[in-house]
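*Asks:* fold the stuff below for me.
(one chain, ligands or ions: 1)
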Amino acid sequence: MNRVDFIIAKKLILHPAKITLAVVQDENGNNNLITLEWFMRTSIKPPMFAISIGHTRYSYECLQKVRKFNLCFPSKKMKELAIFCGSKSGRDLDKFETNNVEWFKGRWAQLPILKNAVANFECEVVSQVRSGDHTIFVGEVKYSWIDSNEEVLLAEDLNS
Ligand SMILES: Cc1cc2nc3c(=O)[nH]c(=O)nc-3n(C[C@H](O)[C@H](O)[C@H](O)COP(=O)(O)O)c2cc1C
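*Replies:* Have a look, this model is predicted:
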């Protein structure tokens with residue numbers, strides 16, 4: 001066992017990892033999408049997910065004002081969308097329009113449910129905690145949606 005710099009150690013524990021897309025909304029009702037690798041389940045009853053959002057992200061501003069998100073687990077066919085939403089900001093463009101994202105309104109808060117995803121979870125933000133340069137938003141799942149014909153996109157797929 002060797003003591004190394006954190007930057008070296010974190011590379012070893014990175015993959016395999018899933019990624020997810022969060023749909024968020026600004027106060028004018030405009031939808032945005034952000035690619036995330038830092039997320040986890042945090043409760044069985046009620047079901048909850050936590051997502052960690054950097055303070056420089058437009059999605060962070062959205063979540064501070066509009067306390068809801070949809071967590072969408074992308075399918076293999078959503079690779080290009082996941083790359084796009086992980087590199088462009090909703091401050092500069094509409095990621096839904098630019099990518100012709102197919103969606104329908106959710107049941108709880110009418111945030112978009114992505115049609116090509118493996119699963120979508122409609123969440124209400126119930127708490128948050130600051131974590132350095134990110135904030136962890138904890139969302140309680142209100143409704144769940146799946147398409148069992150689709151195969152889930154992994155973080156490593158983004159590099160292939
Ligand atoms: C594979 C991948 C994983 C990412 N994971 C996170 C994450 O967990 N949290 C985060 O704040 N940003 C993450 N990002 C960066 C954001 O997706 C990126 O900064 C995005 O452009 C922010 O969009 P926004 O300004 O519209 O919110 C990730 C990017 C990629 C490509």
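*Asks:* ok and the residue in the chain nearest the ligand?
*Replies:* Distances between the chain and the ligand by Cβ to the nearest ligand atom are smallest at Gly86, namely 2.6 Å. C-beta here means a position set from N, CA and C on the backbone, and glycine is covered the same way.
*Asks:* name the nearest residue to that residue, ignoring sequence neighbours.
*Replies:* In space, and not counting its chain neighbours, Gly86 is closest to Thr35: 3.2 Å by Cβ to Cβ, 6 or more residues apart in numbering.
*Asks:* likewise Phe84?
*Replies:* Asn99 (6.0 Å).
*Asks:* Met40 too?
*Replies:* Ala50 (5.5 Å).
*Asks:* count the neighbours of that neighbour for me.
*Replies:* 19 (other Cβ atoms under 10 Å).
*Asks:* please look at the residue of the chain closest to the ligand and Ala22 and confirm they touch.
*Replies:* No - assessed by Cβ atoms under 8 Å, Gly86 is found out of contact with Ala22, at 11.2 Å.
*Asks:* give me the more crowded residue out of those two.
*Replies:* Ala22 (26 against 15).
*Asks:* and that one, what helix or strand is that in?
*Replies:* Following DSSP states H and E, one finds Ala22 within strand 20-25.
*Asks:* now do whichever helix or strand comes after that strand: which elements does it pack against?
*Replies:* Counting by DSSP H and E, the next helix or strand C-terminal to strand 20-25 is strand 31-36. Judged by 3 or more Cβ pairs under 8 Å, 6 or more residues apart in numbering; DSSP states H and E, strand 31-36 is in contact with strand 20-25, strand 48-54, helix 58-65, helix 79-85, helix 95-98.
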